[in-house]
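Participant: attaching a predicted model along with its sequence, questions to come.
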Amino acid sequence: MVDSFIHKQRNEQLDRLPLELQRRVLQYAFDVVSALPVAVPGVTLLRFADAIPKDDLHAMGRAIEEGCEQIVY
């Protein structure tokens, strides 16, 4: 549900703009929405469960822990 204050303010501000600027704002909104990442349902990712052997996962975890917060020159 849209916050009524935001909804009201958005409409009031858009109504103050000339029609061409309203079109530009609308196009900008479309562009922003189309750039949002598309979420993948978790159930879709279940097919990848156990794809990496546990030993490899442990080795990766150790490498991450050892390498974190260290500055390498």
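Facilitator: Everything's here; your move. Numbering: from 1, shown residues only.

Participant: what residue lies at the spatial centre of this structure?
Facilitator: Nearest to the geometric centre of the chain sits Pro37, at 4.9 Å (C-alpha atoms, centre = their mean).

Participant: model confidence for Val2, exactly?
Facilitator: What the model reports for Val2 is a pLDDT of 62.

Participant: picking up where we left off before, show the contacting residues for the residue nearest to the centre of the chain.
Facilitator: If you count contacts by C-beta atoms under 8 Å, 6 or more residues apart in numbering, Pro37 has none. All C-beta spots, glycine's among them, are computed from the backbone N, C-alpha and C.

Participant: measure it to Ile64 for me?
Facilitator: As for Pro37, its distance to Ile64 is 24 Å (criterion: C-beta to C-beta, to the nearest Å).

Participant: just the element for the residue nearest to the centre of the chain, please.
Facilitator: Using DSSP states H and E, no element contains Pro37; it sits outside every helix and strand.
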